[in-house]
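> got a sequence here, can you model it:
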Amino acid sequence: MKLEKVEEDNGVLTVKLEDSNEAVANSLRRAMMARVPTLAVKHIDVVKNESGLFDEILANRIGQVPWTIPQKFDEEDELHLALKQEGPTSVTAENMQADNDEAEPVHDALIVELKEDQDIELEATAVLQNGRDHAKHQGGTVGYEKLGDGEFQFRIESTSGYTNEELLQKAIEVVQEELENAEASADEL
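Numbering: from 1, shown residues only. Predicted structure coming up:
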């Protein structure tokens, strides 16, 4: 098996996989989308919401914002976030304060527009999960086409806290770990 970078243009990485088959190509695609852990908000405590949005809509918007993953951040760890803003202002993901300086929103998404005399205050908890747990934890948009016998071309666009190449590398690690676990289980039979 051989992986070769073709190009990276407009935030999309093109990679060619050679000497492989559909099962491997599809395993890599699924791993990038659904098995690589990403960081997003799971729980929100709304202290004050005088905006024009219901708490549930506000929580949904905040939950869709992916965060960069701090070094040495494990699946058991939690990232705590706080938001306190007074209107009039545009409240964006970058207004959220994290308890870890390494964590920041991947995109400065608009959360809500506050008008005069509207305030918002909340606390949130972000966790590492994967796309199998919730769609907001998908690592990216990934597709491939079969070019020839044993040859596939991937288009990878990370929508998480990983670069495109990091997402591919993490997916390879996940697939390798799952194969090692399967082999160990088979040895115990």
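> for the rest of this, base every contact and every neighbour count on C-alpha atoms.
Fine.
> how long is stretch 124-138 end to end?
20 Å (Cα to Cα, to the nearest Å).
> avg pLDDT for it?
In this model, stretch 124-138 has a mean pLDDT of 94.
> buried ones in that stretch, by neighbour count?
Ala124, Thr125, Ala126, Val127, Leu128, Gln129, Asn130, Gly131, Arg132, Lys136, His137, Gln138 (16 or more other Cα atoms under 10 Å).
> so the second one: helix, strand or coil?
For Thr125, the assignment made with DSSP: H, G, I helix; E, B strand; the rest coil gives strand.
> so what's it up against?
By Cα atoms under 8 Å, 6 or more residues apart in numbering, the contact set of Thr125 is Val41, Lys42, His43, Ile44, Glu78, Leu79, His80, Leu81.
> how near is the fifth one to Asp187?
Think Glu78. For Glu78, the distance to Asp187 - Cα to Cα - is 35 Å.
> so which of those two has more stuff around it?
Taking neighbours as other Cα atoms under 10 Å, Glu78 and Asp187 compare with Glu78 leading, 19 against 8.
> the more buried one contacts Ala103, correct?
No. Between Glu78 and Ala103 there is no contact under Cα atoms under 8 Å: 11.2 Å.
> looking at this structure, which residue lies furthest from center?
Going by Cα atoms, centre = their mean, the residue of the chain most distant from its centre is Leu189, 36.1 Å out.
> tell me the pLDDT of that one.
Looking at Leu189, its pLDDT is 77.
> tell me which element Val15 falls in.
strand 12-18 (DSSP states H and E).
> adjacent strands (with direction) for that strand?
strand 2-9 (antiparallel), strand 151-158 (antiparallel) (DSSP bridges).
> could those be laid out in JSON lines, adding distance to Met32, mean neighbour count and mean pLDDT?
Shown next, in JSON lines, are those (distance: least, Cα to Cα, whole Å; neighbours: other Cα atoms under 10 Å; pLDDT from 0 to 100):
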{"stretch": "strand 2-9", "distance to Met32": "15", "mean neighbour count": "12", "mean pLDDT": "94"}
{"stretch": "strand 151-158", "distance to Met32": "9", "mean neighbour count": "22", "mean pLDDT": "97"}
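> among those, which is nearest Gln97?
Among the strands paired with strand 12-18, the nearest to Gln97 by Cα to Cα is strand 151-158 (23.5 Å).
> what residues does that closest one touch?
Counting by Cα under 8 Å, 6+ apart, residues outside strand 151-158 touching it are 11-21, 25, 139-147, 164, 167.
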